[in-house]
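Participant: Need a 3D model of the sequence below.
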Amino acid sequence: MNRRRIVLLSLLSAAAYYAIGYEIDRSNSVALVGTFCLLFILYFFFISKTKKKDFSFLIGWSIVFRLLFLASIPLLSDDFFRFIWDGHLVNEGSSPFAKIPLEVQQHLPNKKLLLEGMNSPNYYSVYPPIAQYVFAISTALFPKSLMANIIGMRSVLILAEIGTLALLPRLLSLLHLPKSKTLLYALNPLVIVEISGNLHFEGLMIFFLMLAILMLKLDRLGLAVIAWTMSAATKLIPLLFLPSLLSMMPLRRTLVFYVLFGIGFSFLWFPFVNLNLLYNYYESIQLYHATFEFNASIYYLIRWVGFQFVGYNIIATAGSLLSKIALIGMALILLIPLLRKQFNPYTALLLSITFYYALALIVHPWYLCLLVFLSIFTRFHFAYVWSFLILFSYIAYNNVNYEENFLLIGIEYLLTFGILAFELYRNKGIFELNGKE
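Facilitator: Numbering: from 1, shown residues only. Below you'll find the predicted structure:
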């Protein structure tokens, strides 16, 4: 593809990202899905038609796409109301894990607006310390300006994304993989929209996780511990990835890593410690395993069976059981490289989190940013397809009752898991790290 065509397609992509950031509300599903389809068509052309000499040029455009969202108020997610609320509480010296928002009596900037906008006024915060510190910093300088708060958080996320794009080629080189695979993450529309547009902190988690893996490859154990700790203290998923270290390092170094990680992780939580911290946090986490449901796969089938036999939603029982199975399954998958030395540990990471989401009650689009990132180190492609299909879940917001379209959900998972099954069956060397695509 010549440079002029790249510029024209990039400008078209930029216009589409601008529309999503500033013009298209999530209730306008026709315009939203149409724009996403256009972006993924352009994504395909960028990935399949560009040459190695265009790598830096496209990385530059991927940063431009992210910067386009800088002054936008998220139209596809209202989570930022809770982020700002938590930030104000931390700045006031209060813990967001101590009271639910409706119980907070003290005055906070824009309190009425934030309470009306947030989707979680009845439960405690679920966001770990590093995220809380970013919320606090972003609301400290201009506490009364919602836009300034948003720009503050978005600036951190965009800087994290730039950091990922800057260091990822080095990591790929150490793993003997082509640096061009960076573009699979850099230009992915779901990643750009959900992190830079919708302010989801998967971007910061991914940056620290990538940095931790890079430091492990460079044999910098101390820096790797710090980065992995920061990642898990941004979003908890890297905490579940800890068993994978047993296949990446000798046992003694792994045990040292675990001890140092435990100390650092506990230290970051220390400012929020109170008598009810563990109970309140656990209660909020349980809501995701026994109360809420959105865009699920296996769980929806089990729920349907439950309705046929007992006549009511068995979410409490099924959710608790599935979460336990998911955690056990994740641990077993992460330990496979210990038994099969040729098994790519990054493939284990990808398959473990895929298994976890397959059993989850809630699978929001931004959850897949991590799968897109991990896929770069493997020969699997199903996550790229899923990152497109899951965006159709936004159609649920087309009506005031947020009713999901189960036909679309069925198509999403049949195609995704079908491609995964095909890749597992047809590719004999797919579990190995090196080799040509």
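Participant: Can you spell out which helices and strands pack onto the helix or strand where Asn149 lies?
Facilitator: Under the criterion of DSSP states H and E, Asn149 resides in helix 146-174. Contact here means 3 or more CB pairs under 8 Å, 6 or more residues apart in numbering; DSSP states H and E; on that basis helix 146-174 packs against helix 55-67, helix 79-91, helix 129-140, helix 182-186, helix 202-217. C-beta coordinates here come from the backbone N, C-alpha and C atoms, glycine included.
Participant: Turn these into TSV, columns for mean neighbour count and distance to Ile333.
Facilitator: Formatted as TSV, these follow (neighbours: other CB atoms under 10 Å; distance: least, CB to CB, whole Å):
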stretch	mean neighbour count	distance to Ile333
helix 55-67	18	31
helix 79-91	23	29
helix 129-140	21	26
helix 182-186	23	22
helix 202-217	24	17
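Participant: quick one: which of those is nearest Tyr282?
Facilitator: Closest approach to Tyr282 among the helices and strands packed on helix 146-174 is made by helix 129-140 (16.2 Å; CB to CB).
Participant: And the contacts of the closest one?
Facilitator: By CB atoms under 8 Å, 6 or more residues apart in numbering, the list of residues contacting helix 129-140 from outside reads 83-84, 86-88, 90-91, 96, 109, 125, 127, 149-150, 152-153, 156, 201, 204, 230, 233-235, 268-269, 271-272.
Participant: For stretch 205-219, C-alpha coordinates in CSV please.
Facilitator: Taking Å, rounded to 0.1, in the frame of the first residue of the first chain, the C-alpha atoms of stretch 205-219 are listed here in CSV:
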residue,chain,number,x,y,z
MET,A,205,-2.7,-2.6,33.5
ILE,A,206,-1.4,-3.9,30.1
PHE,A,207,1.5,-1.3,30.1
PHE,A,208,2.7,-2.5,33.5
LEU,A,209,2.2,-6.2,32.6
MET,A,210,4.2,-5.7,29.4
LEU,A,211,6.9,-3.9,31.3
ALA,A,212,7.1,-6.8,33.8
ILE,A,213,7.5,-9.4,31.1
LEU,A,214,10.1,-7.2,29.4
MET,A,215,12.1,-6.9,32.7
LEU,A,216,11.8,-10.7,33.2
LYS,A,217,13.4,-11.2,29.7
LEU,A,218,16.2,-8.8,30.7
ASP,A,219,16.7,-10.6,34.0
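Participant: which other residues reach it?
Facilitator: 160-161, 163-164, 167-168, 170-171, 174-175, 221, 223-225, 227-228, 230-231, 234-235, 237-238, 241, 248-249, 369-370, 373.
Participant: what angle do the helix holding Asn149 and helix 202-217 make?
Facilitator: Inter-element angle recorded for helix 146-174 and helix 202-217: 30 degrees (by axes from the mean of the first three to the mean of the last three CA atoms, to 10 degrees).
Participant: May I see the buried residues of helix 146-174?
Facilitator: 146, 149-154, 156-158, 160-165, 167-169, 171-172 (16 or more other CB atoms under 10 Å).
Participant: and Tyr18, how many neighbours does it have?
Facilitator: Residues within reach of Tyr18, counting by other CB atoms under 10 Å, total 15.
Participant: try Arg5
Facilitator: If you count neighbours by other CB under 10 Å, Arg5 ends up with 12.
Participant: what's the answer for the one 5 residues further on, then?
Facilitator: Other residues lying near Ser10 total 20 when counted by other CB under 10 Å.
Participant: now Ser94
Facilitator: Neighbour number of Ser94 under other CB under 10 Å is 16.
Participant: follow-up on the earlier one: how far off centre is the helix holding Asn149?
Facilitator: Mean-position distance between helix 146-174 and its chain equals 14 Å (CA atoms, centre = their mean, to the nearest Å).
Participant: by how many degrees do it and helix 55-67 diverge?
Facilitator: Going by the same axes, to 10 degrees, helix 146-174 makes 160 degrees with helix 55-67.
Participant: By mean pLDDT, point me to the weakest helix or strand of the protein.
Facilitator: Least confident helix or strand, the chain: helix 277-290 with a mean of 80, by mean pLDDT, DSSP states H and E.
Participant: thought Leu177 was touching Phe377?
Facilitator: Yes. The criterion here is CB atoms under 8 Å, and Leu177 meets it with Phe377 at 6.8 Å.
Participant: Could you work out the end-to-end span of stretch 243-250 for me?
Facilitator: Taking CA to CA, to the nearest Å, the first and last residues of stretch 243-250 lie 13 Å apart.
Participant: Buried residues of it, list them for me.
Facilitator: Quick answer for stretch 243-250 (16+ other CB under 10 Å): Pro243, Ser244, Leu245, Leu246, Ser247, Met248, Met249.
Participant: and those residues as TSV, adding pLDDT and secondary structure?
Facilitator: Output for those, formatted as TSV (pLDDT from 0 to 100; DSSP: H, G, I helix; E, B strand; the rest coil):
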residue	pLDDT	secondary structure
Pro243	95	helix
Ser244	95	helix
Leu245	95	helix
Leu246	93	helix
Ser247	90	helix
Met248	90	coil
Met249	92	coil
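Participant: Name the surrounding residues that touch the helix or strand where Ser231 lies.
Facilitator: Here Ser231 is covered by helix 221-232, with elements defined by DSSP H and E. By CB under 8 Å, 6+ apart, the residues outside helix 221-232 that reach it are 128, 130, 205-209, 211-213, 215-216, 238-239, 253, 256-257, 260-261, 264-265, 268.
Participant: returning to what we had before: how about the least confident helix or strand of the chain: buried residues?
Facilitator: Within helix 277-290, the residues that count as buried by 16+ other CB under 10 Å are Asn280, Tyr281, Ser284, Leu287, Tyr288, His289, Ala290.
Participant: which of those residues lies closest to Arg66?
Facilitator: Tyr288 (28.0 Å).
Participant: Contact partners for the closest one?
Facilitator: Taking CB under 8 Å, 6+ apart, one finds Val126, Ala360, Leu361, Ile362 in contact with Tyr288.
Participant: Give me the distance between the first one and Gln308.
Facilitator: As judged by CB to CB, to the nearest Å, Val126 and Gln308 stand 33 Å apart.
Participant: quick one on the thing from earlier: nearest to Val33, of the buried residues of stretch 243-250?
Facilitator: Ser244 (35.7 Å).
Participant: how about the nearest residue to Ala316, chain neighbours excluded?
Facilitator: For Ala316, ignoring the flanking residues on the chain, the nearest one in space by CB to CB, 6 or more residues apart in numbering is Ala290 at 4.8 Å.
Participant: Next up, the contacts around that neighbour.
Facilitator: The contact partners of Ala290, by CB under 8 Å, 6+ apart, come to Ile315, Ala316, Gly319, Ser320, Leu361.
Participant: How about Tyr258?
Facilitator: Leu242, Leu245.
Participant: Just the mean pLDDT for the stretch of helix or strand it belongs to, thanks.
Facilitator: Following DSSP H and E, one finds Tyr258 within helix 251-269. The pLDDT scores in helix 251-269 average 96.
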